[in-house]
Each structure stands twice: as structure tokens, then as C-alpha cells.
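Undergrad: A structural model of the following input is requested.
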Amino acid sequence: MVKSKIEKLGSAKRFGARYGSKPKHKFAKIEKEQRKKHKCPYCNYTKVKRIVVGIWHCRKCDSKFTGKAYTIAKTTISDEGAAETEEKVQEQAEQPSENKKAETVKEKIENVEESA
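TA: As a prediction, the model looks like this:
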């Protein structure tokens, strides 16, 4: 029974009985993701190596690019999320802001003063 738990930890086994199980499992998950083979986004070859935090280097096409700290993947907004944010931006553009309202009020006052 204990053996199966140790196997799931992978490289975090080296910590032994120290630090608790949750931190070790989190560490194992992150390190497994970091150490797996990554594909280059330019040449689609699996020869990408991490240089430093967030900077990756393809050893085939010799390109350097950025990504996340432990993976190449960048966060993307889902289509639904993008549509929602786009609608919010359009609504904000349609509704005049307070500054625009103040300008229109000033223009109306000037027009009334000119006509009187």
C-alpha cells in the first residue's frame, strides 16, 4: 500500500518523509510537466529545452521563445470568454463615459446661451 503512494510521487520521492504529502504531490506534478518533451511551436519538433524560467530554446531550429515558467503553453481565452469580453467592450464604447457626458452637457449649455 505504501509502495503505490511512493510511485505516484515520481521525482518527489527524494524528499522522503519531509515536507508533507500535498506539497510533494504538487511538486511532482509541476516537475513532471516541466521535464516532459515539448514541441517547438515553429518547427513542431520535440527538441525544446528550458534555458531559464519562462525562456525556451529549440535545439533543431535554434529559435528562442517565451512561455510559462514550467511549460511552453501560453494561456488562451476560450471562444466563449472572448465573445463575452468583446460584448462588454462594445457596451462600454456605446455608453458615454462621465467625461463625455460632461462635454455634452457643456455643449448643450453653450447652445442654450447662444440661442437666448
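
Undergrad: Name the residues of stretch 50-63 that are buried.
TA: R50, W56, H57, C58 (16 or more other C-beta atoms under 10 Å). To be clear about C-beta, it is placed using only N, CA and C from the backbone, and glycine gets the same treatment.

Undergrad: can you list these in a markdown table and add secondary structure, pLDDT and distance to C40?
TA: What follows is these, written out as a markdown table (DSSP: H, G, I helix; E, B strand; the rest coil; pLDDT from 0 to 100; distance: C-beta to C-beta, whole Å):
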| residue | secondary structure | pLDDT | distance to C40 |
| --- | --- | --- | --- |
| R50 | strand | 91 | 13 |
| W56 | strand | 92 | 8 |
| H57 | strand | 93 | 9 |
| C58 | strand | 93 | 4 |
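
Undergrad: Take those residues and lay them out in TSV including distance to F15.
TA: Output for the buried residues of stretch 50-63, formatted as TSV (distance: C-beta to C-beta, whole Å):
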residue	distance to F15
R50	22
W56	27
H57	29
C58	32
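
Undergrad: And those residues, which two are furthest apart?
TA: Largest separation among the buried residues of stretch 50-63 by C-beta to C-beta: R50 and C58, giving 11.3 Å.
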